[in-house]
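[1] Sharing a model prediction with you, sequence too.
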Amino acid sequence: MAVAKTCLDLDKEFGDKYKIRNETGAKQKPKQADPWMREIRCRRGSIYPMGGKLLAATIVCQKSRSGLLNLLRVPGVRPHQVGDMEGTVIFDLNSPAQAKVFKIMQPRKRHRGGKGNTSALETFRRSRLTT
């Protein structure tokens with residue numbers, strides 16, 4: 001009998017810092033979503049759970065393979081699937097490789113608004129409305 005792997009909850013682990021969305025094709029609402037179908041949006045691809053404390057990063061290169069090659073050079077990262085202009089690597093959440101992978105992938109940061117947390121853009125917009 002196969003043992004089901006536990007899935008890392010990206011919303012609990014990274015939800016306050018990065019934008020997390022449902023994987024393309026997932027039909028559930030974000031609050032009801034299966035944790036296996038969640039991913040961290042990045043400028044160069046996405047990061048998603050692989051089971052246990054493992055994460056996978058899929059990178060898509062537009063013009064050159066430099067991002068992919070940089071990912072493959074990070075100690076503690078295992079190549080999972082590598083093509084000409086895209087690739088997937090696996091790394092441990094608690095390893096030193098995590099910070100380096102996140103730096104290369106450039107996750108999209110979550111922006112919080114609210115009282116006392118007015119962005120420069122909001123300040124500019126309000127000043128334009130009053131003049």
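    That came in fine, so what should we check first?
[2] Touching stretch 81-88 from outside, list them.
    Residues from elsewhere that reach stretch 81-88 (CB atoms under 8 Å, 6 or more residues apart in numbering): 45, 56-62, 65, 68, 71-72, 79-80. C-beta coordinates here come from the backbone N, C-alpha and C atoms, glycine included.
[3] min pLDDT across the residues you listed, which one?
    Within the contacts of stretch 81-88, residue 62 has the lowest pLDDT, namely 82.
[4] Spatially central residue for the chain, please.
    Against the mean C-alpha coordinate of the chain, by CA atoms, centre = their mean, the closest residue is residue 40 at 2.6 Å.
[5] Now that one: which helix or strand?
    strand 38-42 (DSSP states H and E).
[6] just how off-centre is that strand within its chain?
    Distance of strand 38-42 from its chain centroid, counting by CA atoms, centre = their mean, to the nearest Å, is 4 Å.
[7] tell me which residues of that strand are tucked away?
    Buried residues in strand 38-42, defined by neighbour count with 16 or more other CB atoms under 10 Å: 38-40, 42.
[8] hmm, who's touching it?
    Contacts of strand 38-42 (CB under 8 Å, 6+ apart): 9-11, 14, 18-23, 46-49, 57, 105-108.
[9] which strand residues sit across from the residue nearest to the centre of the chain in the sheet?
    Here residue 40 sits in beta bridges with residue 20, residue 47, as judged by DSSP bridges.
[10] Let's verify residue 69: helix, strand, or coil?
    The three-state label given to residue 69 by DSSP: H, G, I helix; E, B strand; the rest coil is helix.
[11] Report how many residues lie close to it.
    13 (other CB atoms under 10 Å).
[12] go on, residue 16?
    Residue 16 has 9 neighbours, counted by other CB under 10 Å.
[13] try residue 6
    11.
[14] Same question for residue 36.
    For residue 36, the neighbour count with other CB under 10 Å is 15.
[15] Tell me the predicted confidence for it.
    With respect to pLDDT, residue 36 scores 86.
[16] Excluding chain neighbours, what is closest to residue 21?
    Counting by CB to CB, 6 or more residues apart in numbering, the nearest residue to residue 21 once its immediate chain neighbours are dropped is residue 41, at 5.8 Å.
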